[in-house]
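A.B. asks: Requesting a structural model of the entry that follows:
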Amino acid sequence: MGLLSPWWLAGLLAIGLPVYLHLLQQHRLDVVKFPSLQFFEKRTQSSVRQRRLKYLLLFALRVLMLLLLALLFAQPFLRRDVASMTSNRHVLFLIDNSFSMRAGNALDEAKRQAADAVGELRAGDTAQVASLSSGVAILNQPTQDKAELRSAVQSIAPGDGRGSFAEVARTAKSLAANLKVPVEIRFYSDFQRTSMPAQFSELALPAGVTMTAAPLASSSRANFAVENVNAPSIVADPKKTRLVATVAGHGTPAAVKNVSLVINGKTVATKTANIPALGRAAVEFVGLDASYGWNRGEVKIDGGDALAADDVYRFAFERADPRPALFVHEPGRTRAALYFRAALESGAASLFALDAMSVDQAANVAPSRYAFVVLGDVASLPANFESELKKYVSSGGGVWVLAGAATASRGTVPLTGAKVSESRYASRNGERFFTAAPIDLAHPSVEKANKWEGVRFYQAIAATGDNARTIARLSDGTPLLTDAKVGEGRVLFFASPLDNVANDFPLHASFVPFVEQTGRYLAQIDSRPATVAVDSFVELRAAGSKSGAAVDVVDPKGERALDLKSAASAQNVRVTAEGYWEIARRTGRRELVAVNADRAESNLEPLPAETVDIWKKTGEETALAPGAQAEADKTRQSLWWYLALALLIATLAQAFVGSRYLDPETAS
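C.D. replies: Residues are numbered from 1 along each chain as shown. Just a heads-up that it's a prediction; the model follows:
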């Protein structure tokens, strides 16, 4: 027995109160007036009888109340052995079905061993079956039915996820907290090294949980894999498209492998890769001749190794014509348009074709025809075109405003209404010029622009406006690139023209990626890569979107991945299997997402046996301090409820007895 708050026992001193009431306060002398005392004999009166305890039952009840109250606050408890409380245990049959378990017959062997172990359960044991991939999936409720357990074992199918041993420890802690019986985990896995967490402490099993491990691989197995494919998700010019595949060897000798490019099931090119021992080799393919729309691509290598599932790597891309973009400039001032066109059309993807025209020519042009619009330092715009441009931006279009002397004379920035405060100049003589710093590299326009190193700015237009995000500033603090939200669209403001006069930006290597990425950003072209990993999340709708239009998602098996409610409200979907996922968005656009298993699973090197042994011992007695295991084997049983009930009974009894003793009529 023990006490959680023993200092409350000091309250037992209050027992002196009923002693005082029943003993010291009982001596009362009745004063009687008498005319003379000469006939009385003088003697000493004894107080012994008067000081005897009276109302013994009431006194006992009051003392009992104080005793129970002090004990109630002291919170006594009993220690009971777990073994004495229950004689059974709970067994979890945990089978690793991550991607690496596809190697050889590892998964089949794990299921066979688990099914055999089900027959070893003792009478009174309960058990569950679970699979391990990126998380632990428990397949049944606790049961003693061995046939049900074997059926659950056989239902486990090969998975595509990456194994995570940290999930084993989390599951063990959950079981230990919810079950009041000893827990045993029987783990069947290849114990792949890459499944280890960053910190070994994340593997620690709670006290009272034991684990038996059945390694399925005693040594590393050689394995080749297509590790990665770098391909564009949108192809406008197939002849200029480059694709680079990386082939890796894990525990392998030097080898030569044939690498094939397959488009829509047809092999279009084959090359050889010289892979060094334990190394990697890159193979480049030029040209992706495919039909318009979405295409399914694969890069394959010769098989014959331990894990054949990673000998192919999938990617998806869309073949589309270059989308038109509009550049509006002042009559006769075409330098900026020439530099812009060269940068836009020389990009690797060549996604845009530029239409350049003067302000006068743009009077009757509909901006809605274009992926984005560039205003190249214009003083004014035709009223009709400006009105259509505002509608275009409000409905989700993108406009890029380049500012120079003409914009300064206008006084305000088109569309945003930001006021132009001044024009700032730096001399070309000497080293007097502005540089761009700092730059917010998280913005899509500049994340690949190499920080604009070496770019010199000689003129900049300072403009102030509300609700605009500053992406880059000049060295004197002038906002150089800002991004403003106008309606559903975007308006980018660049404080200097791109004519190689006000700055030398067009002469630097960072100019082409800056123009290309800004065009993609304004046109809202999805920059999603051509492939994603299993268990990644693919965005279906923007955060905070209130649209109830359904987004259909079809998995590689041809089944719908979302129910009706999720299809109308989910912001993303988790892709849980290799293959091609089809997404029909609310705008009517259909997309193809290629999903591949995490290539960390391709390295089949197992954990050392010593590491597995140390992991198993984290939940055993040797992992506890001296004497701690004995405490862990016991559980506390609180007496709070019993004391509270006894106190209530004593209080009611004291009230009843007190009313009987102290009532004047009863006492007489």
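A.B. asks: which residues of the stretch 351-500 of the chain fall in strands?
C.D. replies: Using DSSP state E, counting those that start in this stretch, the strands of the stretch 351-500 of the chain run over 352-358, 373-376, 398-402, 419-425, 436-439, 459-464, 468-474, 479-486, 489-494.
A.B. asks: now for the last one, which elements pack on it?
C.D. replies: Going back to what we said before, that points to strand 489-494. Secondary-structure packing of strand 489-494 (3 or more CB pairs under 8 Å, 6 or more residues apart in numbering; DSSP states H and E): helix 383-394, strand 398-402, strand 479-486, helix 511-522. Glycine gets a C-beta too; all of them are placed from N, C-alpha and C.
A.B. asks: pLDDT score for Tyr55?
C.D. replies: As summarised for this prediction, Tyr55 has a pLDDT of 68.
A.B. asks: Please apply the same query to Asn429.
C.D. replies: 56.
A.B. asks: do the one 5 residues further on as well
C.D. replies: Model confidence at Phe434, expressed as pLDDT, equals 89.
A.B. asks: What is the neighbour count of it?
C.D. replies: 24 (other CB atoms under 10 Å).
A.B. asks: same thing with Asn364?
C.D. replies: 9.
A.B. asks: can you start the count at 271 instead of 1 from here on
C.D. replies: I'll keep to 271 as the first residue from here, and by that count the last item is Asn634.
A.B. asks: just for the stretch 321-470 of the chain, where's the confidence low?
C.D. replies: Where the stretch 321-470 of the chain drops to pLDDT under 70, the residues are 321-325, 350-357.
A.B. asks: all helices of it, in order?
C.D. replies: Along the stretch 321-470 of the chain, the segments classed as helices by DSSP state H, counting those that start in this stretch run 326-344, 352-355, 376-388, 416-424, 436-448.
A.B. asks: Using CSV, write out the CA atom coordinates for stretch 569-587.
C.D. replies: Taking Å, rounded to 0.1, in the frame of the first residue of the first chain, the C-alpha atoms of stretch 569-587 are listed here in CSV:
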residue,chain,number,x,y,z
VAL,A,569,12.3,4.1,-68.4
LYS,A,570,13.2,0.4,-68.1
ILE,A,571,16.4,-1.6,-67.5
ASP,A,572,17.3,-5.2,-68.0
GLY,A,573,16.0,-7.3,-65.1
GLY,A,574,17.3,-10.4,-63.4
ASP,A,575,18.1,-8.9,-60.0
ALA,A,576,16.6,-9.4,-56.5
LEU,A,577,13.9,-6.7,-56.8
ALA,A,578,12.3,-6.6,-60.3
ALA,A,579,9.7,-4.0,-59.4
ASP,A,580,12.2,-1.1,-59.3
ASP,A,581,13.6,-1.9,-62.8
VAL,A,582,11.0,0.5,-64.3
TYR,A,583,10.3,4.1,-63.5
ARG,A,584,7.1,5.9,-64.6
PHE,A,585,6.6,9.5,-65.6
ALA,A,586,3.7,11.4,-67.2
PHE,A,587,3.8,14.4,-69.5
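A.B. asks: Okay, buried residues for it please.
C.D. replies: 569-571, 575-577, 579-587 (16 or more other CB atoms under 10 Å).
A.B. asks: Pick the one among those residues closest to Pro276.
C.D. replies: Lowest distance from Pro276 to the buried residues of stretch 569-587 (CB to CB) belongs to Leu577, with 61.9 Å.
A.B. asks: measure that closest one to Ala754 for me?
C.D. replies: 51 Å (CB to CB, to the nearest Å).
A.B. asks: now swap in Ser691 and tell me
C.D. replies: From Ser691 to Ala754 the distance is 16 Å (CB to CB).
A.B. asks: Between those two, which is the more surrounded one?
C.D. replies: Legend: neighbour count by other CB under 10 Å for Ser691 and Ala754, higher for Ala754 (22 against 13).
A.B. asks: what sits against the more buried one?
C.D. replies: By CB atoms under 8 Å, 6 or more residues apart in numbering, the residues touching Ala754 are 686, 688, 735, 737-739, 760-763.
A.B. asks: Rebuild the residues you listed as a markdown table, extending it with distance to Thr516, pLDDT and neighbour count.
C.D. replies: Shown next, in a markdown table, are the contacts of Ala754 (distance: CB to CB, whole Å; pLDDT from 0 to 100; neighbours: other CB atoms under 10 Å):
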| residue | distance to Thr516 | pLDDT | neighbour count |
| --- | --- | --- | --- |
| Thr686 | 45 | 88 | 22 |
| Ala688 | 47 | 90 | 22 |
| Gly735 | 46 | 72 | 17 |
| Asn737 | 44 | 78 | 10 |
| Ala738 | 41 | 87 | 20 |
| Arg739 | 36 | 90 | 13 |
| Arg760 | 35 | 91 | 19 |
| Val761 | 40 | 94 | 26 |
| Leu762 | 35 | 95 | 24 |
| Phe763 | 40 | 95 | 28 |
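A.B. asks: what's the closest of these to Leu475?
C.D. replies: Nearest member of those to Leu475, counting by CB to CB, is Arg739, at 48.3 Å.
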